[in-house]
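J.: Curious how this folds, go ahead:
(chains A and B)
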Amino acid sequence: MNSFLPMIISRSQSSNIMNFFVPIIAILLTLITGSIIFLLLGFDPFYALYTFFISPISTSYGVSELLVKATPLALIAIGLAFCFKNNIYNIGAEGQLTMGAIFGGGIGILFHDTNAFWLLPLMIFAGALGGALWGLIPALLKTKFNTNEILTSLMLVYIALFILDFLVVGPWKDPNGFSFPKSRAFSDSGRMPLLFDGLRVHFGLIITLFLIFVSWFVFSKTMFGFQLKVSGFSPKAARYAGFNQTTLIFLAFGICGAFAGIAGLSEVSGPIGLLYRDISPNYGFTAIIVAFLGRLHPVGIIFASLIIALTYLGAEDAQLFLQIPSAVGFIFQGLVLFYLLGAELLINYKLTFKKT
Amino acid sequence: MSIELIIGILEIILIATTPLVFAGIGELVTEKSGVLNLGVEGMMLVGAVTAFVTLVITGNYFFAFLISILSGVIMSGLFAILVLFLMSNQIATGLALTIFGIGLSSMLGKEYIGTPIDGLSPWFFVIFSFVIVFFISYFFYKTKMGLILRAVGESHNSAHALGYSVIKIRFLSILFGGSMCALAGSYISICYAPMWQEGMTAGRGWIALALVVFATWKPERVLIGAYIFGGVTILQMNLQALGLRFPGQFFSMAPYIATIVVLVLISSNRLRIKLSAPASLTIPFYKGR
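T.: Now for the predicted structure:
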């Protein structure tokens, strides 16, 4: 007898093919839902989708902007993969990014009249340090006091943003800035070098690609990567194998914080060039979506960061040409994650209409 | 300090704490049934904006709250379908709900930023927040339905074996949580503020989640926790207003730092957390085993 609704049957082994197709299914469903939303708002869905997803990257300037946005997203997402692979839910990357920008940017402000080759490397190091320190707080609280890392890492986002706010309206305010809440501009040698003349894509992209490659190596070729994976799949097995969970938590949070910190620094020393209040349009939160959409895999994360970066650009264009509020970009990001999580069912279960 | 000033401060603390109580008790019911919904902040924002926009369009407070609660039901229903029927990861799905809610609320409210409205007196809701907490406490510990809900949260397989519908009970608990979060949001935009601003809940949804841990999943303790946070928030505002020679940002951090400190103090007792947290929290229920 056939049933009307599909039945959900557990697979004996998770499906590798579905692991690959699930993100694609999610993106297609998001596009379909997006067209329906545009239709309801009274726009021609094809024209709206074209404005949203094609026209922003139809020029070399557009492609460069796409890479500018994808750079921090990919870097934070690969850092988050270190945590998520081990079921550690660090959702405070936005705070770690902010701390990285404060530490690295602080060096930039201190040496605002110095032009030297060592300035940018020092800023990058300080950025990584700031992000890592901020990331280690929830790790310490989790391992030492059993405190839920989701809530502590998130509270630290608000605290980091207040510290940044305090600095740019207080001690680090530009003395010649007409009391605007912003710092002095960094010197030229404190800025990320541009990769092409006239385009904003910068050296941060190279750093990101390098760190993604390093992460791929760590995940697939080292004992640490193996330990992360095992602890994620089966904490019990990891305990029997004698893996030290405390060390893994510290390393995952530290690496993720450092990556987010570098992403923050490369934002302020790349496209921005100084410190002010709104240095990140929620990159730290959006990177969570990138990490999941990329299935925590280095190559997947690269593609996912480009797709999600496109929702930022598309939202700007949609506001400009269609007068749709740019927040629609966040709706697309939420939708794609919903569909992805729903479709993940297909990895571990199969649907059938036959009664078994 | 005069008596009037003290009474004034106490009044403000009551008014400011009420949304935390609503969102906290809603999330507590959801978690008691074994489901963790991290979408509180998103549902509060959507609840706030839908109430505000409905009020501006219709001028009717009743409709405003009705539509807002409906929005909470829809948002949490979306979450429920994903985690209950598609067995998705509850933590990731809750985060998606918050991100989606932030986007949806700022899109819906774009035209209404700065629109003036006549705020509603908060006192009915302040009293209602106490009533609902004691009602939930009564429901959990004195009624059969409450016992069943707790059983589903502790061991869904046993509850299922006894013939209770795990999915139905969890679905209803999630919807209740969603409507309370929306109520908290609409209270903020219509009684407390009263206005609409992007991201105006300012992390209260996350503090509500922390409250549930602080309360060790016991309803009355949500009240205690909420008033500690509400007190700290109002106290720092008053100290800031006194114009002490100390940067305001450090006062503004106080509620978030207090949340971390309180969480650390409560959670460091591992045994207490293990005994009080619903044993099936975040574990999906799959019938076909």
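J.: where do the helices sit along chain B?
T.: Using DSSP state H, the helices of chain B run over B:3-32, B:40-58, B:61-80, B:90-108, B:123-142, B:144-154, B:156-161, B:166-187, B:204-214, B:219-241, B:248-252, B:254-267, B:270-276.
J.: Can you check which of those helices gets nearest to chain A?
T.: Chain A lies closest to helix B:90-108 among the helices of chain B, at 2.7 Å (CB to the nearest CB). Every residue, glycine included, has its C-beta placed from N, CA and C.
J.: Take the helices of chain B and lay them out in a markdown table including distance to chain A and mean pLDDT.
T.: Shown next, in a markdown table, are the helices of chain B (distance: least, CB to the nearest CB, whole Å; pLDDT from 0 to 100):
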| stretch | distance to chain A | mean pLDDT |
| --- | --- | --- |
| helix B:3-32 | 12 | 92 |
| helix B:40-58 | 8 | 95 |
| helix B:61-80 | 7 | 95 |
| helix B:90-108 | 3 | 89 |
| helix B:123-142 | 21 | 95 |
| helix B:144-154 | 17 | 92 |
| helix B:156-161 | 15 | 89 |
| helix B:166-187 | 12 | 96 |
| helix B:204-214 | 5 | 91 |
| helix B:219-241 | 11 | 87 |
| helix B:248-252 | 4 | 82 |
| helix B:254-267 | 4 | 90 |
| helix B:270-276 | 5 | 82 |
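J.: Dump the ones you listed into JSON lines; add mean neighbour count and distance to residue A:103 as well.
T.: Formatted as JSON lines, those follow (neighbours: other CB atoms under 10 Å in any protein chain shown; distance: least, CB to CB, whole Å):
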{"stretch": "helix B:3-32", "mean neighbour count": "21", "distance to residue A:103": "33"}
{"stretch": "helix B:40-58", "mean neighbour count": "27", "distance to residue A:103": "28"}
{"stretch": "helix B:61-80", "mean neighbour count": "21", "distance to residue A:103": "37"}
{"stretch": "helix B:90-108", "mean neighbour count": "25", "distance to residue A:103": "27"}
{"stretch": "helix B:123-142", "mean neighbour count": "16", "distance to residue A:103": "42"}
{"stretch": "helix B:144-154", "mean neighbour count": "18", "distance to residue A:103": "43"}
{"stretch": "helix B:156-161", "mean neighbour count": "17", "distance to residue A:103": "46"}
{"stretch": "helix B:166-187", "mean neighbour count": "26", "distance to residue A:103": "36"}
{"stretch": "helix B:204-214", "mean neighbour count": "27", "distance to residue A:103": "25"}
{"stretch": "helix B:219-241", "mean neighbour count": "19", "distance to residue A:103": "26"}
{"stretch": "helix B:248-252", "mean neighbour count": "18", "distance to residue A:103": "18"}
{"stretch": "helix B:254-267", "mean neighbour count": "20", "distance to residue A:103": "20"}
{"stretch": "helix B:270-276", "mean neighbour count": "12", "distance to residue A:103": "33"}
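J.: Quick check: which ranges of chain A have low pLDDT?
T.: A:1-5, A:354-356 (pLDDT under 70).
J.: helices or strands next to the strand or helix carrying residue A:102 in the packing?
T.: Using DSSP states H and E, the element containing residue A:102 is helix A:93-110. Using 3 or more CB pairs under 8 Å, 6 or more residues apart in numbering or on different chains; DSSP states H and E as the contact test, the elements touching helix A:93-110 are helix A:60-84, helix A:119-145, helix A:149-169, helix A:245-267, helix A:283-293.
J.: right, so of the helices of chain B, which gets closest to residue A:67?
T.: Residue A:67 sits nearest to helix B:90-108 of all the helices of chain B, at 22.9 Å, using CB to CB.
J.: just how off-centre is that closest one within its chain?
T.: 15 Å (CA atoms, centre = their mean, to the nearest Å).
J.: so what does that helix touch, helix or strand wise?
T.: helix A:283-293, helix A:328-343, helix B:40-58, helix B:61-80.
J.: export those helices to JSON lines and tack on distance to residue A:256?
T.: Below are the helices and strands packed on helix B:90-108 laid out as JSON lines (distance: least, CB to CB, whole Å):
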{"stretch": "helix A:283-293", "distance to residue A:256": "10"}
{"stretch": "helix A:328-343", "distance to residue A:256": "19"}
{"stretch": "helix B:40-58", "distance to residue A:256": "22"}
{"stretch": "helix B:61-80", "distance to residue A:256": "26"}
